[in-house]
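Peer 1: Show me the folded form of this:
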Amino acid sequence: MIPGLQRPIAQIGLSEKGYLTLLLTAHAKGGHSSMPPPQTAVGKIGCAVSRLEAQQMPASLDGPGGAGFRALAPALPFAMRVVVANEWLFGPLLERQLAKSRETNALIRTTTAPTLIAGGVKDNVLPSEATAVVNFRLAPGDTVEQVKAHVKAVIADEDVSIEEHGGPGSTATPVADARGPGFQLLSQVIGRVAPDAVVVPGLVVTATDSRHYGRVSDAAYRFAPVRMDGAAIARIHGVNERISIQNYGEMIAFYTEFVTQATR
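Peer 2: Next up is the predicted model:
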């Protein structure tokens, strides 16, 4: 994920992203395909999706994702250390580089993912409606209303309605303190079980049950002692998802050490 980095990264999630799904519905006059208007409902919804993909929510290095890259600086090649150490000058360059990879892009912005599209019932009939479902994972600091406003401004088409889909959206969870005792405990245990790893704070881009822990704790940390490279990440929830036997042993060692240290 990070070119030139020779050591594994142990990322402790300080927060996890929020969740919002929007339903876009394009409206147009129906009729026969032999007499089409300049743009059909299918064309309108296609343009709306294309605009959203082309104009993403702004990137930022201010959150947990950016903090993780800064913490990596000592383990990076010299040229990359210079860039990270001089963020005041190279910040826009760093954002552009991180945006080129889908894994690192997800750490620095609210992501936009069109996942479903539908419209029409027959090849010679103009549909009066076409729909698209777009899923957003909200970075800390972005609100549901801000995402909705962004979508409306980018689509800029009165014939496309926008509404929440599948329930109300949610913002990212509160950001835990990277200097807190929970983070320090995890860091110590990781250091004992995987001394080659660089421990950094980070952001969890998926949804987990830990979002509910905010009701009882102001410091929820997220970490899984699973060794993953680019190929392993691509296999998540896919064909041949697996971990190595060696990593299985490491996981047992990690949880044993964690419980031992946490209960002393």
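Peer 1: would you list every one of the strands in the stretch 51-200 of the chain?
Peer 2: Using DSSP state E, counting those that start in this stretch, the strands of the stretch 51-200 of the chain run over 111-119, 125-126, 129-138, 160-164, 198-204.
Peer 1: Let me know the average pLDDT across the shortest one.
Peer 2: So that's strand 125-126. Mean pLDDT, strand 125-126: 98.
Peer 1: list the helices and strands it packs on?
Peer 2: Counting contacts by 3 or more CB pairs under 8 Å, 6 or more residues apart in numbering; DSSP states H and E, strand 125-126 is packed against strand 31-32. All C-beta atoms are positioned from the backbone trio N, CA, C, and that covers glycine.
Peer 1: Direction included, what does the strand it packs on pair against?
Peer 2: Here strand 31-32 has these sheet partners by DSSP bridges: strand 125-126 (antiparallel).
Peer 1: returning to that earlier point: okay, the strands of the stretch 51-200 of the chain, which one's buried deepest?
Peer 2: strand 198-204 (a mean of 23; mean count of other CB atoms under 10 Å).
Peer 1: Put the alpha carbons of the helix or strand just after that strand into CSV.
Peer 2: Per DSSP states H and E, the first helix or strand lying C-terminal to strand 198-204 is helix 230-234. Output of helix 230-234 as CSV, limited to C-alpha atoms (Å, rounded to 0.1, in the frame of the first residue of the first chain):
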residue,chain,number,x,y,z
GLY,A,230,-2.4,-6.0,-1.5
ALA,A,231,-3.4,-9.5,-2.7
ALA,A,232,-4.9,-10.4,0.6
ILE,A,233,-6.9,-7.1,0.8
ALA,A,234,-8.4,-7.9,-2.7
